[in-house]
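Peer 1: Structure, please.
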Amino acid sequence: MPDRTLTPLRAAAPIAMLVVAISPALGQPQDASLDVEVSARRIEADVRFLADDLLEGREAGTRGYDLAAAYVAAQYRQMGLQPAGENGTYFQAVPMLRGTREREGARFVIERGEVATELEFERGFLSSLSYDTGSCSLSAPMVFVGQAVHAPELEHDDFAGIDLHGKVAVILGNAPAAFSNDQRAYYSSFEVKGRELERRGAVGVISLGDPKTEKKYPWATGAANWARPGMRVLGPDGRPMDTFPGLRCIASVPAAQADLLFAGTRYTGAAMFEKLRKGRLKPFELSGTVTMASRTKLERTSSHNVIGKVQAGRGSPAPGEQSAGGHTLAHEHVVLTAHLDHVGIGAPVDGDSIYNGAQDNAVGIAAMLEAGRLLMQDRAELQRSVLLIATTAEEKGLLGAQYFASHPTVSADSMVANVNLDMPTHIAEVTDLIPVGIEHSTLEPVARAAVTAAGLTLTPDPMPEEVIFVRSDQYRFVQQGVPAVYLLSGVTRKDGLDGSGAFLEWMKKHYHKPSDDLTQPIDWAGAARLAIVNRNIARAIATQEERPAWNAGDFFGDKFGRKR
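Peer 2: Residues are numbered from 1 along each chain as shown. Next comes the predicted model:
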């Protein structure tokens, strides 16, 4: 077994030597922003290292991730970025609690009268991780509460007329399809649902899958990796954050168990899924009681965000002068992020157990690094500084971004915008990009101009129901009131094939599977253009006088913008 105690600082020396052999030459053309071929070669070199089997899937808290973090820090140093982590380094330690399910002791039994039906672990149910106590056990009556959404401003309440005290809530995922995309994204989060369920006195939760979602993400595929650890950030009090201790036991069951849950009522599983489709869910008491139990192995651990800074070359006033805001723009920051972690080693698929994460998110990291190289050439023109952050534990719940956004190594008020790169999925040459979140703030015209300058166009999100805006690192900055934008590879292919269909096929076959590796086609030139676009966005924000701002009446601006 590899030595997983290796830290980024210890790993830096051997990786620094590898950089010489792996990285492209330091020399850059005078106008690298227009040299797609040169940028593409550099991006390919970075991805070929980060997605190699050597790094074992870069799971947060492992030696493979530490090697990746040391590599990124070496790249920062090579391109001349200033250390912007802790104690004069490129690293910010993120304290976390790692939880691993244990099969032994996990139970899920429904009793009605003298009939008890026990589900099989993995095939019939999965217990959630118990971060607060390490184990759970309860027997309680059940109540169905639809999608567990309480949105009074939208006159929607899945809890109307139901008493949840001392009961287990059976819930469906997502949020009502009648909601706008922004509203649906916010109310789909279990962080929001969990608070409501705990506040109303529920003691447990059963999350029921639905056929539409399981068609995209089959239960068996995810359940096969039940032994993969999860994580939570540790707060200042040393306790895990976002865990809802009042919800003592939480479990998930596949859609195939719907009839079992609804037995003894006038509804079948098929009837409830039809009501879900039509938006007609209502809460009601369920028959019988459920017994749930689980065990979780808990370990304290840490992983590292990797942070470098492009120091602004302008924005420092002459002696005795100040900017209009009372401070220099050079002390403000545009934040570029990309998550460095993937999901590590897991259940074998076709004999391969290393989940390399080439598209998710080695390409995103490489594009961010290239944007940083290009921004270093622009440094003399920048009035604001630019942070590059390779975040950890995104795959565990956006944890590295959560920690940095709430415990930044710069002044919290200095962060004016976030530009995120996550799984851009360059599988073929396209002429467009998909913007996620540009409609929320004054970043929209900035992003549009940056895309146009790179010779590309914008295509609206073809899958708004996937609520991507809350599923990647930019959302942790949004929650702190920072406007954000995130761009994906588009769907207008130069070869004339169906880009949307090809993307959906890629997701079905390769997303979070070992086959997301270097054997799959990657459009390196497309990744280079994305890097150039993100450089253009960051440069524009860093050279304009006004801070980006939330649009008046924006849903997320109203929810979180007041924090600014």
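Peer 1: Let me know the secondary structure of the nearest residue to residue 113 once chain neighbours are set aside.
Peer 2: Nearest residue to residue 113 in three dimensions, chain neighbours excluded: residue 288, at 7.9 Å (C-beta to C-beta, 6 or more residues apart in numbering). Quick note: C-beta positions are derived from backbone N, CA and C, even for glycine. Classification of residue 288 by DSSP: H, G, I helix; E, B strand; the rest coil places it in strand.
Peer 1: quick one: contacts for residue 288?
Peer 2: For residue 288, the set of contacting residues under the criterion of C-beta atoms under 8 Å, 6 or more residues apart in numbering consists of 110-113, 141-142, 263-264.
Peer 1: Just the local confidence number for residue 406, please.
Peer 2: Per-residue confidence (pLDDT) for residue 406: 95.
Peer 1: which helices and strands does the helix or strand hosting residue 45 pack with?
Peer 2: Using DSSP states H and E, residue 45 sits within helix 36-50. Using 3 or more C-beta pairs under 8 Å, 6 or more residues apart in numbering; DSSP states H and E as the contact criterion, the neighbours of helix 36-50 among helices and strands are helix 8-22, helix 63-79, helix 363-377, helix 524-543.
Peer 1: Just the C-alphas of the third one, formatted as PDB.
Peer 2: The C-alpha atoms that make up helix 363-377 are tabulated as PDB, following Å, rounded to 0.1, in the frame of the first residue of the first chain:
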ATOM      1  CA  VAL A 363      -9.000  19.300 -17.900                       C
ATOM      2  CA  GLY A 364     -10.500  22.000 -15.700                       C
ATOM      3  CA  ILE A 365      -7.400  22.300 -13.600                       C
ATOM      4  CA  ALA A 366      -5.200  22.400 -16.700                       C
ATOM      5  CA  ALA A 367      -7.300  25.100 -18.200                       C
ATOM      6  CA  MET A 368      -7.100  27.200 -15.000                       C
ATOM      7  CA  LEU A 369      -3.300  26.800 -15.000                       C
ATOM      8  CA  GLU A 370      -3.200  28.000 -18.600                       C
ATOM      9  CA  ALA A 371      -5.400  31.000 -17.800                       C
ATOM     10  CA  GLY A 372      -3.000  31.800 -15.000                       C
ATOM     11  CA  ARG A 373       0.000  31.600 -17.400                       C
ATOM     12  CA  LEU A 374      -1.800  34.000 -19.800                       C
ATOM     13  CA  LEU A 375      -2.800  36.400 -16.900                       C
ATOM     14  CA  MET A 376       0.900  36.600 -15.800                       C
ATOM     15  CA  GLN A 377       1.600  38.100 -19.200                       C
END
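Peer 1: and that helix, what other elements does it pack with?
Peer 2: Taking 3+ C-beta pairs under 8 Å, 6+ apart as the contact definition, the neighbouring helices and strands of helix 363-377 are helix 36-50, helix 63-79, strand 284-310, strand 333-339, strand 385-391, strand 415-421, helix 524-543.
Peer 1: Compare these and report which one is nearest to residue 181.
Peer 2: strand 415-421 (17.5 Å; C-beta to C-beta).
Peer 1: and the angle from that closest one to strand 385-391?
Peer 2: Relative orientation of strand 415-421 versus strand 385-391 (axes from the mean of the first three to the mean of the last three C-alpha atoms, to 10 degrees): 50 degrees.
Peer 1: Show me what the following helix or strand past strand 415-421 is packed against.
Peer 2: Remark: after strand 415-421, the chain's next helix or strand is strand 432-436, criterion DSSP H and E. Based on contacts counted as 3+ C-beta pairs under 8 Å, 6+ apart, the elements that strand 432-436 packs against are helix 443-453, strand 457-458, strand 484-489.
Peer 1: can you list those in TSV and add mean neighbour count, mean pLDDT and distance to residue 392?
Peer 2: As requested, the helices and strands packed on strand 432-436 are arranged in TSV below (neighbours: other C-beta atoms under 10 Å; pLDDT from 0 to 100; distance: least, C-beta to C-beta, whole Å):
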stretch	mean neighbour count	mean pLDDT	distance to residue 392
helix 443-453	19	96	25
strand 457-458	15	96	30
strand 484-489	26	96	18
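Peer 1: is it possible to export those to TSV including distance to residue 531?
Peer 2: TSV is the format used below for the helices and strands packed on strand 432-436 (distance: least, C-beta to C-beta, whole Å):
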stretch	distance to residue 531
helix 443-453	11
strand 457-458	17
strand 484-489	11
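Peer 1: right, and the secondary structure at residue 97 would be what?
Peer 2: Counting by three-state DSSP, the backbone at residue 97 sits in strand.
Peer 1: same check, this time on residue 266
Peer 2: Assigned state for residue 266: coil (three-state reduction, three-state DSSP).
Peer 1: Test for you: state the pLDDT assigned to it.
Peer 2: Residue-level pLDDT assigned to residue 266 equals 94.
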